[in-house]
Structures are given as structure tokens and as C-alpha cells.
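In: Quick one, structure for this:
(one chain, ligands or ions: 1)
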Amino acid sequence: MEKIKFVCPSCGSLMGLEEIMCDVVQSTTFDYIDIMGFEIDYTHSSTDGGVVDRFQCVECGYILTNSNGTEIIDTEDLCAWLMANNMIEHT
Ligand SMILES: [Zn+2]
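Out: So this is what the prediction gives:
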């Protein structure tokens, strides 16, 4: 594993990168419920399945794209992008 040192090309934020998935099945085990706000406690959640929709800046939502302008949706392209932009920290 290599450490990512993400600097957003759009806003310059160092807050990091996030993977956005869709069609995910989430399951939550809960012992607590907010009886005023009608919310269960989502502390113990896990996700299953799903497909990558995009990789984006946590701060501004800037979406990473390939050189041809299409959104990056696989980790091989993501690695290539990070390396091309010098955002992998070799220790
Ligand atoms: Zn950003």
C-alpha cells in the first residue's frame, strides 16, 4: 500500500479523495434510536456490492477524469492519475 497525498487540482484542498459508489446494499445493526428525531444509530453499518460512480475531492466535489475527459471509475486508472500527478508518497 502506498500513501496518497491528494491535492485537489480545482480548490487546492488537502482534505482528501473520496470514492462514491451507487447501488450499494447497506446493513446496520443498532441498539439506539432517537425517539424525537426518528433516527436510528448508524454507527455500526456495513456495505455490500455496489459500483464505483466516481472519485472526487472531499472538499469541493471535483471529479477526477482521464486524459480524454471521461470520469475515472476504476482503480487502475485512478493509480495512473495519482502517479501522473505526483500524488503518491513513496516511503
Ligand atoms: Zn477540491
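In: count of neighbours near the residue lying closest to Glu39 once chain neighbours are set aside?
Out: Closest residue to Glu39 apart from its sequence neighbours, by CB to CB, 6 or more residues apart in numbering: Ile33 at 7.1 Å. Bear in mind the C-beta positions are built from the backbone N, C-alpha and C, glycine included. Counted with other CB atoms under 10 Å, residues neighbouring Ile33 total 11.
In: could you measure Ile73 against Asn66, distance?
Out: Ile73 sits 9 Å away from Asn66, going by CB to CB, to the nearest Å.
In: ok so, going back, what about the residue nearest to Glu39, distance to Cys79?
Out: From Ile33 to Cys79 the distance is 42 Å (CB to CB).
In: returning to that earlier point: give me every residue that touches the residue nearest to Glu39.
Out: If you count contacts by CB atoms under 8 Å, 6 or more residues apart in numbering, Ile33 has them with Glu39, Ile40, Asp41.
In: Just give me the closest of those residues to Met1.
Out: When the contacts of Ile33 are compared for distance to Met1 (CB to CB), Asp41 wins out at 30.9 Å.
In: what's the pLDDT at the closest one?
Out: Note on Asp41: pLDDT of 95.
In: now it: how far from His90?
Out: According to CB to CB, Asp41 and His90 sit 40 Å apart.
In: same deal with His44?
Out: For His44, the distance to His90 - CB to CB - is 36 Å.
In: quick one on the thing from earlier: in terms of neighbours, single out the busier of Ile73 and Asn66.
Out: Legend: neighbour count by other CB under 10 Å for Ile73 and Asn66, higher for Ile73 (16 against 13).
In: residue contacts, the closest residue to that one other than its chain neighbours?
Out: Spatial nearest neighbour of Ile73, chain neighbours left out: Val52 (4.8 Å); criterion: CB to CB, 6+ apart. Shown in contact with Val52 (CB under 8 Å, 6+ apart): Glu19, Ile20, Met21, Ile73, Asp74.
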